[in-house]
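> any chance you can model this:
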Amino acid sequence: MTYQSTKLFDGFSTVFRQWAAEGTHCKYLHGYDVEIKITFEGELDHRNWVWDFGGMKRAKGNIDGMNPKAWFDYMFDHTTVIAPDDPELETFKDLDKKGVVQLRILQGPVGAEKFAKFVYDKVNTFIQQETEGRVRVAEVEFFENKRNSAIYKP
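Model (predicted):
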């Protein structure tokens, strides 16, 4: 029997732009109160849990060399996320050097859909290693605000 549980990661202020989104205001820098809802799926452990809701803080493993909770903060808390092909990338790098922004360069396009996939890829790998394959990420929902979200599931 397979069980699911969800965890909401919130409290992030993230700025990004979709430079190629001609005809919309999304081509400009804009920020959101970001929330990320992850659905975990798998067999129950000895405590009858799919995934320990506080497990990101107590994890043995890392995501990109960081504790998972620290990784979420690093990626999305008061950061500016830009695509590597953004024509103004050097400007953003200069702003980062000057301490004006905390720049994160995401491989590939940016936006809620891509952020959901990016988080899925990072967290699913971590969760499978952490639980020795007992749990996987079923889906990630990335909220730009309370009204807009994008979901990625394999």
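
> quick one: the strands in the protein?
When secondary structure is read from DSSP state E, the chain shows strands at 3-16, 30-42, 79-82, 103-105, 135-143, 149-152.

> which helix is the longest one in the chain?
helix 112-130 (DSSP state H).

> ok, the residue nearest to residue 75 when sequence neighbours are not counted - contacts?
Leaving aside its sequence neighbours, residue 75 sits nearest to residue 104 (CB to CB, 6 or more residues apart in numbering; 5.9 Å). (C-beta placed from N, C-alpha, C; glycine too.) Neighbouring residues of residue 104 by CB atoms under 8 Å, 6 or more residues apart in numbering: 74, 75, 79, 80, 81, 82.

> count the neighbours of the first one for me.
For residue 74, the count of nearby residues is 16 (other CB atoms under 10 Å).

> again with the fifth one
The number of residues packed around residue 81, counting by other CB under 10 Å, is 23.

> give the bridge partners for it, please.
Beta-bridge partners recorded for residue 81 (DSSP bridges): residue 16, residue 104.

> pLDDT score for it?
Reported pLDDT at residue 81 in the predicted model: 97.

> elements contacting the longest helix of the chain?
Counting contacts by 3 or more CB pairs under 8 Å, 6 or more residues apart in numbering; DSSP states H and E, helix 112-130 is packed against strand 30-42, helix 68-76, strand 135-143, strand 149-152.

> and these as JSON lines, adding mean pLDDT and distance to residue 62?
Output for these, formatted as JSON lines (pLDDT from 0 to 100; distance: least, CB to CB, whole Å):
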{"stretch": "strand 30-42", "mean pLDDT": "96", "distance to residue 62": "17"}
{"stretch": "helix 68-76", "mean pLDDT": "95", "distance to residue 62": "7"}
{"stretch": "strand 135-143", "mean pLDDT": "98", "distance to residue 62": "16"}
{"stretch": "strand 149-152", "mean pLDDT": "98", "distance to residue 62": "22"}
